[in-house]
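>>> just need the structure, nothing else, for what follows:
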Amino acid sequence: MRTVDAAPCIRPENTWRDVRNRLEYLAFRAAVGMFAALPRPWAVRLGAWLGALAYFIAWPLRKAGLTHLSWAFPERRPEEHRRILRAAARNLGRMAAEVCHFGHLTPETVRNYVQIADPARWQAAIQRPEGQGLVVLTAHFGNWELLAHIHGLLGVPVTLIHRPMRNPFVNEWLIRWRARAGTRSIAKKAAAKEALRVLRSGGILAIPADQNQRYSFGVFVDFFGKPACTTTGPVRLAEHAGAPIVPVFLRRVGESDRHVVEVLDPIELVHTGNAEGDLVENTQRCSRAIEEMIRRYPEQWIWFHRRWKTRPPGEASTQARV
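Residues are numbered from 1 along each chain as shown. Down below sits the predicted model:
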């Protein structure tokens, strides 16, 4: 018989954290259920409205986003920065509503919402020699969750390297939700071994490479004119597995619920014999592809994210100014 002393000891802060996570999860599931119950056009409009509301009430995030836009587009006026950020907030709201409607999508109906800009280039990317994997370089752009989902519905499921969400219950739900279309999720911290296995078995590995990295996990490359600590994952994995890197993005058409798959030219990797220099240069080429897409459609990127948080040694943190 278990004695009182032998009973599991749960620290109060862990108990509170667990309760908080569960309450957040219940609220999250209620919101998902509400959006899913609405007709899709209504849900998307409501999502856009809530995104616009969040822009006005979330002052710290708005301040960060406007600061980042002033760094990225110093030639544009503050009014233009605010316009872009409001549109980016509405895009995130639409995206959340669309994710809630994934359960209604089928291989037939998904084509009502998503088109492929260049089908021949898309086919060339996904049809590779047997056993050769593909690294899809992408970003938190447009509706990035739908990008992975539609590929599963179209018969070419992808494996996604992701950063787990803070709330474990929401994170687990999201992994299961993605899996409905065949998308596998690999937690970023333990991704290398499994990611290589995917590539060496001929699979497609999608890596969002547009988020800030800790100093020990990235290299500094130019991103909108400022050094940004950037993951080397796409380059390292592609080199080890002999896989090409192809940038792929899902672009929203205006402010509608229609999307276009944009497949860009493969990243040409350099090999000069200087391994460290080549890693930086090739990571820069990946980052440049992402930046060029964001420059074309700045309203579709997550400007609230602290992309330049990690600074090179000796340079003061930018966070104090954001």
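>>> which stretches in the stretch 101-250 of the chain count as helices?
Secondary structure of the stretch 101-250 of the chain (DSSP state H, counting those that start in this stretch): helices at 119-126, 144-153, 168-179, 192-200, 233-241.
>>> got those as JSON lines, with mean pLDDT and mean neighbour count columns?
No exception for glycine: its C-beta is placed from N, CA and C like everyone else's. As requested, those are exported to JSON lines (pLDDT from 0 to 100; neighbours: other CB atoms under 10 Å):
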{"stretch": "helix 119-126", "mean pLDDT": "92", "mean neighbour count": "14"}
{"stretch": "helix 144-153", "mean pLDDT": "93", "mean neighbour count": "23"}
{"stretch": "helix 168-179", "mean pLDDT": "92", "mean neighbour count": "16"}
{"stretch": "helix 192-200", "mean pLDDT": "93", "mean neighbour count": "17"}
{"stretch": "helix 233-241", "mean pLDDT": "96", "mean neighbour count": "22"}
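>>> what's the closest of the ones you listed to residue 31?
For these, proximity to residue 31 was assessed by CB to CB; helix 168-179 is nearest, at 10.8 Å.
>>> make TSV out of the helices of the stretch 101-250 of the chain and add distance to residue 313.
Listed next are those as TSV, based on distance: least, CB to CB, whole Å:
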stretch	distance to residue 313
helix 119-126	38
helix 144-153	32
helix 168-179	33
helix 192-200	25
helix 233-241	22
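>>> now for those, which one comes closest to residue 45?
Of those, nearest to residue 45 by CB to CB is helix 144-153, at 17.3 Å.
>>> show me where this structure has strands.
For the chain, applying DSSP state E gives strands covering 114-116, 134-138, 159-162, 184-187, 204-208, 218-223, 226-231, 245-252, 259-263.
>>> then the third one to CSV, C-alphas only?
Spelled out, that is strand 159-162. What follows is strand 159-162, C-alpha atoms only, in CSV (Å, rounded to 0.1, in the frame of the first residue of the first chain):
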residue,chain,number,x,y,z
THR,A,159,7.5,15.5,-42.9
LEU,A,160,7.6,18.8,-41.1
ILE,A,161,10.3,20.0,-38.7
HIS,A,162,8.6,22.2,-36.2
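>>> okay, now the unreliable bits of the chain?
1-13, 317-322 (pLDDT under 70).
>>> what angle separates the biggest helix by length in it from helix 168-179?
Criterion DSSP state H: the longest helix present in the chain is helix 12-37. On the basis of axes from the mean of the first three to the mean of the last three CA atoms, to 10 degrees, helix 12-37 is oriented at 40 degrees to helix 168-179.
>>> got the buried residues for helix 12-37?
In terms of neighbour count (16 or more other CB atoms under 10 Å), helix 12-37 has its buried residues at 21, 25, 32, 35, 36.
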